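# Starting from these lines, generate the structure:
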Amino acid sequence: GSWNQIKRLVRKLEIECLIRLFHHLVGRTDGSCDNVGLDRNTFRAILHSMFGMTDDMLMNRVFFAFDKDNDNRINVKEWVKGLSVFLRGTFEEKLKFCFEVYYLNGDGFISQEEIFDILKNSLHQQSSEEETDEGIKELVDIILKKMDYDNDGKISFADFEKAVREDRLLLEVFGPCLPEVKNCLDFEALAFRNIPTSCF
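Below you'll find the predicted structure:
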């Protein structure tokens, strides 16, 4: 029991520190979270500087996955919830988060077109347009063969979950949308450094 109490206490302190960091980032010194949020540019700058993300398209998608109420800014609840997945997320939570990042049109499926767009975005630097398009189409076919279990030409959450459970490397198959462990540790060192003293 006491171990769980300690874990709960640490969790509570971590959330308080995340809220404090949010205040700092939105420039509020009075401690009020009402009607404030991180806009997309500010949030992308945080993903870049604190979590080492570099892909514009994926950073936009991560923003939309954090922004649950679709008001184009991340409020304090969305901030804490999203970061909890980044830093402490279970495999299931990370699975759900990645799926949300990859489908954007709200229908609950990752379509062939979306796979094509994401892959084209991540590969476009490397070769000429014609080669790229042909190569990406082939890649889309390979991915669908591997992940589209019900053969309906798109990837449902059930498809995605089954594929990733069989091969965990497929979790970020369409590009890095979770921060690397090193970046998480750096972020924690920054965000939670005051826990032993000032959070009590």
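
# Check the gap between residue 132 and residue 120 for me.
7 Å (CB to CB, to the nearest Å). Heads up, the C-betas are built off the backbone N, CA and C, glycines and all.

# how many neighbours does residue 78 have?
21 (other CB atoms under 10 Å).

# no no, residue 190
By other CB under 10 Å, neighbour count at residue 190 equals 12.

# Likewise for residue 37?
Number of residues near residue 37 (other CB under 10 Å) recorded here: 19.

# The residue nearest to it when sequence neighbours are not counted: neighbour count?
What sits nearest to residue 37 in space, not counting adjacent residues and going by CB to CB, 6 or more residues apart in numbering, is residue 73, at 3.1 Å. By other CB under 10 Å, 18 other residues sit near residue 73.

# try residue 48
Neighbours of residue 48 under the rule other CB under 10 Å: 14.

# Look up the closest residue to it, ignoring the ones flanking it.
Setting aside the residues directly before and after it, residue 48 is nearest to residue 54 in space (CB to CB, 6+ apart), at 6.6 Å.

# For the residue lying closest to residue 156 once chain neighbours are set aside, which residues are in contact?
Spatial nearest neighbour of residue 156, chain neighbours left out: residue 109 (5.6 Å); criterion: CB to CB, 6+ apart. Shown in contact with residue 109 (CB atoms under 8 Å, 6 or more residues apart in numbering): 103, 154-156.

# Helices of this protein, start to end?
For the chain, the helices defined by DSSP state H occupy 2-26, 40-51, 56-66, 76-88, 91-102, 112-123, 129-147, 157-166, 181-191.

# Residue 114 touches residue 99, doesn't it?
No: applying CB atoms under 8 Å as the test, residue 114 and residue 99 come out as separate, 11.5 Å apart.

# Neighbour count: these two, which is higher?
Neighbour tally, residue 114 and residue 99, criterion other CB under 10 Å: the higher count belongs to residue 99, 22 against 18.

# what residue ranges in this protein are flagged as low confidence?
1, 28-34, 105, 124-131, 194-200 (pLDDT under 70).
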